[in-house]
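Asker: kindly return the folded structure for what I paste below:
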Amino acid sequence: MIGLIVTGHGNFASGLTSSLKLIAGEPKNYVAVDFLESYSVDDLDELKDCEGVLVLSDLGGGSPFKTAVMVGYPRGNVEVVAGTNLPMLIEVNMGRQFVEELGMLTEMAMNTGKDQVVRYE
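Answerer: You can find the predicted model right below:
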């Protein structure tokens, strides 16, 4: 199964994770990393046995995103996506049961994230 990391400024990751658990249950091969002063890249080692890791972050170019890129890419088989929203997280979490290719799961995340930004008219 592809590992999943959610990260962001403050309590972004734990807040989304709380909602994910309420809607879809306890996720497997999943780490929420709130980017606080106590953050440690050792949290990423929890997913070292996964076939790949998808990192979902809050803001492109922010510290959590940059750190995920700097730590993740040298390890290989890591994708980092910014602009995470709850529909994206739910879809990707459920999709990991069926999608075994990291690139395909990354595309799923991006498409779902974009599609779920809607305006009431």
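Asker: how about stretch 113-121 as PDB, C-alpha atoms only?
Answerer: Extracted in PDB, the C-alpha atoms of stretch 113-121 (Å, rounded to 0.1, in the frame of the first residue of the first chain):
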ATOM      1  CA  GLY A 113      -8.800  18.500  -5.200                       C
ATOM      2  CA  LYS A 114      -9.600  20.700  -8.200                       C
ATOM      3  CA  ASP A 115     -13.000  19.200  -8.900                       C
ATOM      4  CA  GLN A 116     -14.200  19.700  -5.300                       C
ATOM      5  CA  VAL A 117     -13.600  23.500  -5.300                       C
ATOM      6  CA  VAL A 118     -17.100  24.700  -6.200                       C
ATOM      7  CA  ARG A 119     -19.100  27.800  -6.000                       C
ATOM      8  CA  TYR A 120     -22.800  27.800  -5.100                       C
ATOM      9  CA  GLU A 121     -24.900  29.500  -7.900                       C
END
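Asker: that one: which residues count as buried?
Answerer: Using 16 or more other Cβ atoms under 10 Å as the test for burial, stretch 113-121 gives G113. Using the backbone N, CA and C atoms, a C-beta is placed for each residue, glycine as well.
Asker: okay, now the unreliable bits of the chain?
Answerer: 37-45 (pLDDT under 70).
Asker: can you pull out the strands in it?
Answerer: 3-9, 30-35, 53-57, 78-82 (DSSP state E).
Asker: now, of these, which is deepest in the fold?
Answerer: strand 53-57 (a mean of 27; mean count of other Cβ atoms under 10 Å).
Asker: next up, the contacts around the residue nearest the centre of the chain.
Answerer: Nearest to the geometric centre of the chain sits L56, at 2.8 Å (Cα atoms, centre = their mean). The contact partners of L56, taken as Cβ atoms under 8 Å, 6 or more residues apart in numbering, are L4, I5, V6, T7, V81, T84, M88, L89, V92, A109.
Asker: please tell me how far the closest residue in space to the first one that isn't next to it in sequence sits from L54.
Answerer: Read that as L4. Among residues not flanking L4 along the chain, Y30 sits closest, at 4.9 Å (Cβ to Cβ, 6 or more residues apart in numbering). The spacing between Y30 and L54, counted by Cβ to Cβ, to the nearest Å, is 10 Å.
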